[in-house]
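Peer 1: Pasting a predicted model and its sequence here:
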Amino acid sequence: MDVKEEEVLLSIRSLQKTYKTGDGVRDINLDIRKGELITLLGPSGCGKTTVLRTIGGFLNPDAGEVKIENQSILHLPPEKRPTAMVFQSYNLWPHMTVYDNLAFGLKLRKTGKQQIREKVEQVLKLVRLPGTEKKYPSQLSGGQQQRVAVARALLLEPKVLLLDEPFSALDAKLRMEMREELREIQAAGNLTMVFVTHDQEEALSISDRIVVMNSGRIEQVASPQDIYDQPSSLFVAQFIGRMNFLNGQASKDGIQVQSLRFGNDKGLAGEVTVAVRPEDMVMQDPSAAGMSGTVRQVMVLGHYAEVSVETPAGMTKVFLPREEARALLTGAEVHLGISRATAYSKTS
Amino acid sequence: MGWYARSLGKRKIFEFIVLLVFVFFFLGPLLNLVLLAFSGKWQYPAMLPQIWSLEWWSFVLTKEEVLSSISLSFGIAAIVTVASILICIPAAYAFARIRFPLSRWFLFSFLLTNAFPKMGLYVSIAVLFYQVGLMNTLLGIVLIHIVNTLMFMTWIPAAAFKSVHQAQEESARDVGAGPFRVFWHITLPMALPGILVASIFTFLSSLDEAQGTFMVGIPDFKTMPLVMYSIVEDYPSTAGAVFSIIMTLPTIILLMGARRFVNADVMSSGFQMK
Ligand SMILES: Nc1ncnc2c1ncn2[C@@H]1O[C@H](COP(=O)(O)OP(=O)(O)O)[C@@H](O)[C@H]1O
Ligand SMILES: [Mg+2]
C-alpha cells in the first residue's frame, strides 16, 4: 500500500541498526501520513523499540534516513526533534507534582505562566484527570500516571507522537479503555502517532495501518482488515488471530486440500501450507466437496462455540454460532468446507 | 495449644532480656556520661551524684583551646564535605551511568582504604606529605579526611543515581531539556536523599577523625578529638564527660535531621556491587 508523496509526514528509508550482539533492525522502509495512527506490531525482541527510539533520537542508526516533512531529523538530539515519546513506564518525575511534570517542557520553551496554567488545565481535562495538578505521581494509579505521560507528550504539540507499549503494564480492562481514549484523542486532533505493541488485538483495534515486524524486518504493512484477511506471509498468518494450518498440494490447476480445490494465484508448486481462519471453516452436507472429520471437543465461548475437528489434514478449529454447535457431540462425524483460504509455500 | 502459649511466653521473656541487655550496654554508658557531666561530687557506691554542678561545663566552655578546636573541627568538616561532594558526585554519576572496563574494580578499590589498618596507611601518607610539604597544613588534613570518605561518598550516591531510571532522564530530553538541564532538574533532585545521607556521614566522620589528623596536623591543628585526648589525660573524668557530650551533640542532631532520608533502601542499595 503506497502513500502519495505529498501526504507523507514521516518517512523512513532503508533504516538499519545493528547492536554489538548482532541483533537489530534492517531494511526498514515506511511512509506515514499526517493524522495517521500506525502500529508497529511484532513479538518481543523483533525490533519495534529500536525503530521507535531511532525516530525519537535516542538511538543513532547505522544507515538509512528518517525525515519529517521532508527534512532529515537524524542530526538532531531528542530535545530538538519535533517528536514526543511515551515510554512503557517510569515516564514521570516523582519529585515533581503533576503540574510541574506537565509544565516542565513548556517552561523550557519560555511559555508564559498564565498560558502554561491554561494549557495544563486543558490537557488534564482531555485525558480525564482534571484537578490533579497538585498531586505527586506516587499518589496516582498506574493508569492515571500513563494518562499524565500522554498529556505531557500532547502538550508539546509534536508533529509525531511515539508510544512504546504505553499500556502494557496496565490490566486488561483499563488497557482497553485507555486505547479507546487514545484513539479518540488522536482522531479529534488529527494527530500522527506511531504506536508500538506486541498485542495483536490492540493493534487490530486502534490502527489505521499495522506494520508487522519479525526478527528486525518488516513483514507486512497494511490496514487491520487486510492484515487479517490477507496475511502476506506465513509468519503474519501465524501471528495475527487464530488460524488453522492444513497440508495441501499445489499444482497448475490449483491447490488441493483433501477433496477441496482453490485457485493458485501465487503460482505455488508442491507441498504447501493452507491457512484458514476458524470462522472460514463451514459445516457442509456430506455430498459436497470437503473433508470429513471427527468432533473431538466443543467449547462454548459466549456467543460462539469453538469446535475441534480431527481431519486427515490435521486438527482443525471451527468457530460456529452457539446454536449450531449445540447439536454437535464429541465423536460425531462431520463434513467441513472452506469459504476462504490462503496458501503459503512450505519453504518460505 | 498450651505448648504454643508457653513457647510464645518463653520467646517474649527472651526478647525482653535481650532488650534489657541492649539498654544496659548501650544506654547505660550514655546515661552514666550525662550524669557524670552534671555532677559536682559523685562517690561510689551512690546511685546518683551527691552534688549536682555545672562547674565543669563552664570550665570546658571557657577554655580557649576547646572553643577554637570546635570551630576548627566544624570548619574542616565543612570543607571536607564540600570537597568530597565536588570530587565524588561526578565519579558516582559516572559509575552509575557509564559502563567502562574495570568500573567495578575502581569502585571496589575504595574499599581498600578502609581495609588496611588505618595507622599504616596514615604513616605512608604522612611520608608522602612530608616530601611535598603538606605536613601541618589544612590541605593535608582535608586530604587525609577525604581518603576516609571516598568510599561511601561514591557508593551511596552512585546507588542513588542508578535508581533514577533511564526513561526518566530520556523523557526529560524528550520534552526539550539538554543533558545538563536533565541532570540538574531531574537526576540530581531524584538522587538527593542518597547524596544528603552520604554528605552527613562525611561531615560526621570528619568531625570524628583523630588518627590521621594527629599524624598530619600536629602541632598546629588541634581538632576536637585531639583536644579530647588531652582533656581526658589532664583533667578529671567529669571534664571528659562534658566534652564527649559536646562532641556527640552534632552527631545526634544531624542524624535526627537525616532520619527522613535515611531508610534501609538508601543504605543497603549503597552497598551493592552492580
Ligand atoms: N542496547 C542493546 N544492546 C544490545 N542488544 C539490544 C539492545 N537493545 C535491544 N537489543 C536487542 O535488539 C533486538 C530488538 O530489541 P527491541 O527493539 O527492544 O525489540 P522490541 O521492542 O520489539 O521488543 C532484541 O533482540 C534485543 O535483545
Ligand atoms: Mg520494546
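Peer 2: Thanks, I have the structure now. Ligands and ions are numbered 1, 2, ... in the order given.
Peer 1: Tell me the secondary structure at the residue of chain A most remote from its centre.
Peer 2: The C-alpha centroid of chain A is most remote from A:S287, which lies 41.6 Å away (Cα atoms, centre = their mean). Look at A:S287: counting by DSSP: H, G, I helix; E, B strand; the rest coil, its state is coil.
Peer 1: List the residues that contact it.
Peer 2: Residues near A:S287 by Cβ atoms under 8 Å, 6 or more residues apart in numbering or on different chains: none. The way it works is simple: take the backbone N, C-alpha and C, and place the C-beta from them, glycine included.
Peer 1: separation between it and ligand 1?
Peer 2: According to Cβ to the nearest ligand atom, to the nearest Å, A:S287 stands 50 Å off from ligand 1.
Peer 1: buried sites along the strand or helix carrying B:W56?
Peer 2: Per DSSP states H and E: B:W56 is located in helix B:55-62. For helix B:55-62, a neighbour-count test (16 or more other Cβ atoms under 10 Å in any protein chain shown) marks B:W56, B:W57, B:F59, B:V60 as buried.
Peer 1: Quick check: the second one touching B:A239?
Peer 2: No. The pair B:W57 / B:A239 is not scored as a contact, 9.4 Å apart, by Cβ atoms under 8 Å.
Peer 1: Restricting to the buried residues of helix B:55-62, which residues neighbour ligand 1?
Peer 2: Among the buried residues of helix B:55-62, not one lies near ligand 1 by Cβ under 6 Å from any ligand atom.
Peer 1: What about A:L30, how many residues nearby?
Peer 2: 21 (other Cβ atoms under 10 Å in any protein chain shown).
Peer 1: Now it, what are its backbone angles?
Peer 2: Main-chain torsions, A:L30, degrees, to the nearest 10: phi -160, psi 140.
Peer 1: residues in contact with the residue of chain A found nearest chain B?
Peer 2: Chain A approaches chain B most closely through A:G105 (3.2 Å), counting by Cβ to the nearest Cβ. Contacts for A:G105 were tallied using Cβ under 8 Å, 6+ apart; they are A:R152, A:L155, A:L156, B:V175, B:G176, B:A177.
Peer 1: Kindly recompute the last result at 10 Å.
Peer 2: A:79, A:84, A:111, A:116, A:152-153, A:155-156, B:171-172, B:174-177 (Cβ atoms under 10 Å, 6 or more residues apart in numbering or on different chains).
Peer 1: likewise A:V194?
Peer 2: A:10, A:12, A:30, A:32, A:36-40, A:48, A:51-52, A:55-56, A:83, A:85, A:160-164, A:211 are the contacts of A:V194 under Cβ under 10 Å, 6+ apart.
Peer 1: switch the cut-off to 8 Å
Peer 2: Contacts for A:V194 (Cβ under 8 Å, 6+ apart) come out as A:L10, A:I32, A:I38, A:T39, A:L40, A:L52, A:I55, A:V160, A:L161, A:L162, A:L163.
Peer 1: which one is the residue in the stretch 101-250 of chain B that chain A sits nearest to nearest to, not counting chain neighbours?
Peer 2: Proximity of the stretch 101-250 of chain B to chain A (Cβ to the nearest Cβ) peaks at B:V175, 3.2 Å away. In this structure, B:V175 finds its nearest non-sequential neighbour in A:G105, 3.2 Å apart by Cβ to Cβ, 6 or more residues apart in numbering or on different chains.
Peer 1: give me the element the one you found is part of.
Peer 2: Short version, using DSSP H and E: A:G105 is in helix A:98-108.
Peer 1: as a whole number, average confidence for that helix?
Peer 2: Average pLDDT, helix A:98-108: 95.
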